[in-house]
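> What shape does this take:
(chains A and B)
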Amino acid sequence: MIGVRNIQKNYGTKVALNISHLDIRKGDCIGLVGNNGAGKTTLLSLMLDLIKANNGHIESKGIKVNTSDDWKNYTGSYLDERFLIPHLTAREYLDFVGSLHGLDTGKVDKFLKENSGFFEAELFVRKKYIRDLSTGNKNKVGILSTLLSAPELIILDEPFASLDPTSQAWLKNRLVRAKEGGSTMILSSHDLNHVTDVSNRVVLLENGELVKDLATDSETLSELEHYFMLDK
Amino acid sequence: MLLFFRHQLLGQLRSVFWQKNLIVTILTSLFFLYLFVNLLLVGFFADTIIEKIFPGVDVLQKANQLLLYYFIVDLIIRFIIQKLPDISIQYYSLLPIKKAKLLHFPILGSLFSPFNVLPAIIMLIFCFKQVIHLTQWYSSISWLLSMILIVLANNLINFGLKKRFRKTPVPIILLYIILSALLIFEGLGMINFSIYWLEFINMLIAKPFLLIIPIFYLLAGYFFSYHSMKSLYYPSDKKLRKSGKTSGTGVFSFLRSYGSVGRMVEVELKLILRNKRPRTMLMLSVVFAVYIYLGIFNLSAISGEEVNAFSNIIMIGFFLLSSGWSMLMYGQLLFAWESNHFDGIISRKISHLEYLTAKYWLTAIMVLTSVIFIVPALIVSGKAFLIGLVCLIFNLGVNSYIIIFAGMFNTSKVEPNKTAFMNYQGSNVIHFFIVFLIMGIPAVLFLPFQFLGLPEIGTALIALVGISGFVFRGKVLEKLAEFFRFRKYKLAKGYKEF
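Numbers count the residues shown, from 1 in each chain, chains lettered A, B, ... in the order given. Prediction:
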């Protein structure tokens, strides 16, 4: 599905990311972990062609992402607030994203009804611009807009951050369901519990290098905790 | 207290304004210097001006009388353009400093504004030239003091008003009504307020102990602004935006039948409607277009029916500007307006070509609506109307691409929800040159034919180039999209920095 080929990204003289080879197969659910500055967001941004690599490239279904718009058809993503249009209401924004994927308002209604466990009913009724929403609610709108088109490939940066406990649990279930439905996923997170619960493969970055690439099993959590020195 | 002022000063010195492009800084500083010199000259020659306009009256008396209007206009101007010291007391609210002290600080800080210093200097000059001749020594001092007190009090009143009515223009409208009411009453000779005012000032001059009145006014102003500050002390109070109201929800829905491109145009029209800066900017550009337009009428009045070479070329310039002004103004920041959500735009399911096509139609809408400025040209002559139409076509078919292309070079972040007045966020040197380019190409096309005595062919050529630009828009936009593919990283990066 996704192929990372000799990718390198520098900021000035500092190497932010340097991965020679990483293949993500269809149906994989990757948990991307690493401390601040490890290069998680840089990798995700490169996958979405938001920044330019100094070297190498990333392929999506065999096509370089920086030469084509095709990957946008089957990729749903949310990295941060810069994905939301601040002067629209939450509902207008979802309608907009839906329309790009050919979904009319009826379909958006249906989607919201199916996923109503994730947000207060008020969020999409209230006529409040996104710029006036709280961080948690912005995050929810962004995640919903990603799931809306039922994309083959889901890319989320820290989806669990600033969510309330109920929503975190809900999102975890929702992502597991999407995985069972055949979606490929790449999630970054600092929450090792969530990551090991959802993913079937954990990729660990440190200082821009790929340090570990593990298949998730019952040992993974303790191995990660050991790595991050949480067991001391 | 001193520490506060130090922080404020640091805030000024380290402001992004100075770190901007050197040329922009120089140009804006020159502009302000020019204004400053002008104001000083006005102060210096105020007496001569008054003598000229109202011959045979006592200058000082008349000046005092006019001061009433001056002070009202002063309040209006302040409300529109004066910036309050924007050091946020929130930074300090957690530190062990008394709340009352915190509130005093921004109020006192606002007194050191050019809006107070300049009038004070002008008053001083005027005082030395005219007021000094008063018989009593204490009279001139009392005059000067009371004027400065009123200026300062105005500052405080404005402070309070601005805090109270943050986003509504209610005070301006009220002041306008008061001002026009006073002028109408005076014009009709019913009640002459400025005469009462004059008597009041004369009394002040004669009996210095009456200085207590302006002092009282100043204290009232202080109390007012202090009170307004206090009611807004808690940050949550500031967020009292009227929710439950969205604008432009239904108006643009017809665009939805044009697919993704139509959707993008709709979203951007909403951006204009729902954000302060683009909204004000476009409203101002309408005013400006009308202003340019008056130039055309003037021109035809001067040259009469005889349209000569000079007026032809000037007319083309005028029409290019008046039908392209809104596009030009908005287009400076064509992509920067979306800097807050640029990442989303370029990673959602919109191809670069669709995105640029949407941008093209947005500029096209702006140009096409400016046809309202062209139609009245029929009053001048049918020929003027035709020239106007040709210019509009040229804006549509050529200049719009230039605007889109130039927009890709503006990599500074813009917050569209900030005020439009005195806002240079995202100003860029390139746009000083764009204007030359936009006016230059038609001139190059037209001038040779004008000198050959064939202005009609020159005009037709401009129209032809414009039409072919419009017809082949698919090709041109594809080329632009190719360029955008390389350019977008620079834009995305620039919009993340501050």
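
> got the residues of chain A near chain B?
By the rule Cβ under 8 Å from any Cβ of the partner chain, the part of chain A lying against chain B is A:48-52, A:66, A:69, A:72-73, A:75, A:77, A:79-89, A:92, A:96-97, A:99-101, A:126-129, A:131-132, A:149. C-beta: built from backbone N, CA, C; applies to glycine.

> Can you get me a residue count around the residue in chain A positioned nearest to chain B?
At 3.5 Å from chain B, A:Phe83 is the closest residue in chain A, using Cβ to the nearest Cβ. Counted with other Cβ atoms under 10 Å in any protein chain shown, the neighbours of A:Phe83 add up to 25.

> just A:Trp71 next, same as before
22.

> thinking it is in contact with A:Val65, fair?
Yes: at 5.4 Å, A:Trp71 and A:Val65 qualify as touching, with contact defined as Cβ atoms under 8 Å.

> ok so, going back, surely the residue of chain A closest to chain B meets A:Gly76?
No: between A:Phe83 and A:Gly76 there is no contact under Cβ under 8 Å: 10.5 Å.

> Mutual contacts of these two, please.
A:Ser145 (Cβ atoms under 8 Å, 6 or more residues apart in numbering or on different chains).

> Name the residue closest to the centre of chain A, please.
A:Leu156 (1.0 Å; Cα atoms, centre = their mean).

> How about the residues of chain B by chain A?
B:239, B:241, B:243-246, B:249, B:256, B:260, B:263, B:267, B:270-271, B:274-275, B:340-344, B:346-352, B:416-417, B:485, B:489, B:492-493, B:495-496.

> Just the buried residues of these.
Among the residues of chain B next to chain A, the ones that count as buried by 16 or more other Cβ atoms under 10 Å in any protein chain shown are B:246, B:256, B:260, B:263, B:267, B:270-271, B:274-275, B:340-344, B:346-350, B:352, B:416-417, B:485, B:489, B:492, B:495.

> Surely B:Leu75 and B:Ile178 touch.
No: contact criterion Cβ under 8 Å: B:Leu75 and B:Ile178 do not qualify, at 9.5 Å.

> Let's test this: mean pLDDT of stretch B:318-327, rounded?
Averaged over stretch B:318-327, pLDDT sits at 84.

> Relative to the whole chain's centre, how far out is it?
Relative to its chain's centre, stretch B:318-327 lies at 18 Å (Cα atoms, centre = their mean, to the nearest Å).

> Using CSV, list the CA coordinates for that stretch.
Extracted in CSV, the C-alpha atoms of stretch B:318-327 (Å, rounded to 0.1, in the frame of the first residue of the first chain):
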residue,chain,number,x,y,z
PHE,B,318,-8.5,53.9,-14.8
PHE,B,319,-10.7,51.1,-16.2
LEU,B,320,-8.2,48.4,-15.6
LEU,B,321,-7.9,49.5,-12.0
SER,B,322,-11.6,50.1,-11.2
SER,B,323,-12.6,46.7,-12.7
GLY,B,324,-9.6,44.9,-11.2
TRP,B,325,-9.2,46.6,-7.9
SER,B,326,-11.1,44.1,-5.7
MET,B,327,-9.3,41.2,-7.4
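
> Count the residues that sit near residue 146.
This is for chain A. 20.

> try chain B instead
So B:Ser146, with other Cβ under 10 Å, has 23 neighbours.

> what residues are up against it?
With Cβ under 8 Å, 6+ apart, B:Ser146 has these contacts: B:201, B:204, B:211, B:213-214.

> Turn those into JSON lines, columns for secondary structure, pLDDT and neighbour count.
Compiled in JSON lines, those are given as follows (DSSP: H, G, I helix; E, B strand; the rest coil; pLDDT from 0 to 100; neighbours: other Cβ atoms under 10 Å in any protein chain shown):
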{"residue": "B:Ile201", "secondary structure": "helix", "pLDDT": "81", "neighbour count": "22"}
{"residue": "B:Leu204", "secondary structure": "helix", "pLDDT": "80", "neighbour count": "22"}
{"residue": "B:Leu211", "secondary structure": "helix", "pLDDT": "81", "neighbour count": "17"}
{"residue": "B:Ile213", "secondary structure": "helix", "pLDDT": "85", "neighbour count": "15"}
{"residue": "B:Pro214", "secondary structure": "helix", "pLDDT": "84", "neighbour count": "20"}
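
> List the residues that contact the closest residue to chain A within the stretch 251-400 of chain B.
Closest approach between the stretch 251-400 of chain B and chain A, counting by Cβ to the nearest Cβ: B:Gly344, at 3.5 Å. If a contact means Cβ under 8 Å, 6+ apart, then B:Gly344 has A:82-85 as its contacts.

> Try it again at 6 Å.
Counting by Cβ atoms under 6 Å, 6 or more residues apart in numbering or on different chains, B:Gly344 makes contact with A:Phe83.

> Also the one 3 residues further on?
With contacts taken as Cβ under 6 Å, 6+ apart, B:Ser347 has the following neighbours: A:48, A:77.

> which regions of chain A lie under the pLDDT threshold?
A:231-232 (pLDDT under 70).

> what's the answer for the stretch 301-450 of chain B, then?
Using pLDDT under 70, the stretch 301-450 of chain B drops low at B:301-310, B:380, B:419-430, B:432.

> run the last query once more with 90
Applying pLDDT under 90 to the stretch 301-450 of chain B picks out residues B:301-334, B:336, B:339-340, B:344-350, B:369-388, B:406-450.

> Just the buried residues of stretch A:2-21, please?
Here stretch A:2-21 shows A:2-5, A:7-9, A:16-19 as buried, counting by 16+ other Cβ under 10 Å.

> measure that stretch end to end?
Stretch A:2-21 has an end-to-end distance of 11 Å (criterion: Cα to Cα, to the nearest Å).

> what about the helices in chain A?
Secondary structure of chain A (DSSP state H): helices at A:40-47, A:90-100, A:105-114, A:135-148, A:165-180, A:192-198, A:220-227.

> from the chain's centre, how far out does the shortest one sit?
Its chain's C-alpha centre lies 14 Å from the corresponding centre of helix A:192-198 when counted by Cα atoms, centre = their mean.

> Counting by contacts, list what it packs against.
With contacts defined as 3 or more Cβ pairs under 6 Å, 6 or more residues apart in numbering or on different chains; DSSP states H and E, the packing partners of helix A:192-198 are helix A:165-180, helix A:220-227.

> who's in contact with B:Pro278?
Applying Cβ under 6 Å, 6+ apart to B:Pro278 gives the contacts B:272, B:416.

> one step back: so which of the helices and strands packed on helix A:192-198 gets nearest B:Leu149?
Distance to B:Leu149, taken as Cβ to Cβ, is lowest for helix A:165-180 among these, at 58.5 Å.
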